[in-house]
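Undergrad: after the sequence you'll find the predicted model.
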Amino acid sequence: MALTAIIEAHGGPEQFKLVDREVGEPGAGEIRIAHRAIGLNFIDVYQRTGLYPMELPHAMGMEAAGVIEAVGEGVTHLKVGDRAAYASQPPGAYTQARVMPAAQVCPLPEGISFDEGAAMMLKGMTVEYLFHRTTPLKAGDTVLFHAAAGGVGLLACQWARSEGITLIGTAGTDEKCQLALDHGAAHCINYRSGDWVAQVRDLTGGKGVDVVMDAVGKDTFEGSLDCLKPLGMLMSFGNASGPVPPFDLGILGKKGSLKLTRPTLFTHISDHAACQAMAQHLAEKVLAGEVKINIGQRFDFRDVARAHEALEARTTTGSTVLEV
């Protein structure tokens, strides 16, 4: 049996219910993993509220790290006793142990703790595909990154610095702006203190940026387009402020033949080999010290509702971990 956090209806953090569930044995292509730490992400909030509907009741959580307890037929990249971490469908990481598909579970190298492994996979592989798999980026390019003091943002700041890319961040307080700067952002704008679009234009000499990476959604969409140089790309990869409303596609042409994409991590990691390569690239960055995993807060696994309250209130910085 494994204590597991489930929801039986969409809604607020009060919907969480802790139940004991049978774990069972892995079938072909599956593993059983005993969790040591669990990562929280905004996609968890989207699923809990129903923005991303799930068939209920359902266990929650997309990311965790732990030890492999059993391996099903056909699994060759993991063995019993291995340290491992993952960010993967289907949801179900908010538990002490689970059986799950093995393809997106990745070896966790010695030198990276379970807390770091749980905090880095979804956010870190997101940064990996944003910088390496969505559009060509090179040293000298300029990126605007919204919510630069969040879990993904602080990794993006460091990643950009390690690649010679100028990152302009936005955040909601001066303290969060300083945190982004400390992690490698070249500039960070407090979006509450003035016209952030004009400030981006000023910082780029009126040219605009090559790429905007935007997980905020509705509140920043139009401004993000106005920050791009001609032929620039907006990567809209999240909806923290709500989904982007319908818009006239022709506006992309009027603003400079702009490009727009709505990528997801789960498309990128659906291929086993690509997922393992992305995780290895991330681990190499961490082990080299180019990217440090900032865990801003830790909660006991049983306090998952309180952790979600903090995440939704945007009072968190860096990554949030549930300790099992």
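TA: Now that the structure is in, tell me what you want to look at. Note that this is a predicted model, so its numbers are computed, not measured.
Undergrad: thinking Ala70 is in contact with Gly24, fair?
TA: No. Using C-beta atoms under 8 Å, Ala70 is not in contact with Gly24, being 9.5 Å away. The way it works is simple: take the backbone N, C-alpha and C, and place the C-beta from them, glycine included.
Undergrad: in terms of neighbours, single out the busier of those two.
TA: Taking neighbours as other C-beta atoms under 10 Å, Ala70 and Gly24 compare with Ala70 leading, 17 against 13.
Undergrad: ok, for the more buried one, nearest residue in space, not its chain neighbours?
TA: Counting by C-beta to C-beta, 6 or more residues apart in numbering, Ala70 lies nearest to Arg32, which is 4.1 Å off, once chain neighbours are set aside.
Undergrad: now do the one you found against Ile295, distance only.
TA: Distance, Arg32 to Ile295, by C-beta to C-beta, to the nearest Å: 26 Å.
Undergrad: Gly238 too?
TA: 20 Å.
Undergrad: one more: Thr264?
TA: Thr264 is 24 Å from Ile295, by C-beta to C-beta.
Undergrad: over to Phe237?
TA: Applying C-beta to C-beta to Phe237 and Ile295 gives a distance of 22 Å.
Undergrad: same check, this time on Ala274
TA: Applying C-beta to C-beta to Ala274 and Ile295 gives a distance of 27 Å.
Undergrad: who are the packing partners of the longest strand anywhere in the chain?
TA: Among the segments of the chain that qualify as a strand by DSSP state E, the longest is strand 30-40. Applying 3 or more C-beta pairs under 8 Å, 6 or more residues apart in numbering; DSSP states H and E, one finds that strand 30-40 contacts strand 63-71, strand 83-87, strand 97-101, helix 114-132, helix 304-312, strand 319-323.
Undergrad: how about the contacts made by Cys275?
TA: Contacts for Cys275 (C-beta atoms under 8 Å, 6 or more residues apart in numbering) come out as 103-104, 106, 125, 268-269.
Undergrad: picking up where we left off before, more neighbours: which of Ala274 and Ile295?
TA: When Ala274 and Ile295 are compared for neighbours, Ile295 comes out ahead with 20 against 15, by other C-beta under 10 Å.
Undergrad: which phi and psi values does that one adopt?
TA: phi -100, psi 100 (degrees, to the nearest 10).
Undergrad: wait, it touches Ala119, no?
TA: Yes. Ile295 lies in contact with Ala119 (C-beta under 8 Å); the separation is 5.2 Å.
Undergrad: intersection of neighbour lists for these two?
TA: 318-321.
Undergrad: redo the helices and strands packed on strand 30-40 as CSV? Include mean pLDDT and distance to Pro13.
TA: Output for the helices and strands packed on strand 30-40, formatted as CSV (pLDDT from 0 to 100; distance: least, C-beta to C-beta, whole Å):
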stretch, mean pLDDT, distance to Pro13
strand 63-71, 98, 18
strand 83-87, 98, 21
strand 97-101, 98, 21
helix 114-132, 97, 20
helix 304-312, 95, 4
strand 319-323, 94, 13
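Undergrad: right, so of the ones you listed, which gets closest to Met278?
TA: helix 114-132 (4.8 Å; C-beta to C-beta).
Undergrad: contacts for the helix or strand following the closest one next, please.
TA: Following helix 114-132 in sequence order, the next helix or strand is strand 142-145 (DSSP states H and E). Residues outside strand 142-145 that contact it (C-beta under 8 Å, 6+ apart) are 137, 153, 156-157, 160, 165-170, 185, 200, 204, 209-213, 224, 227.
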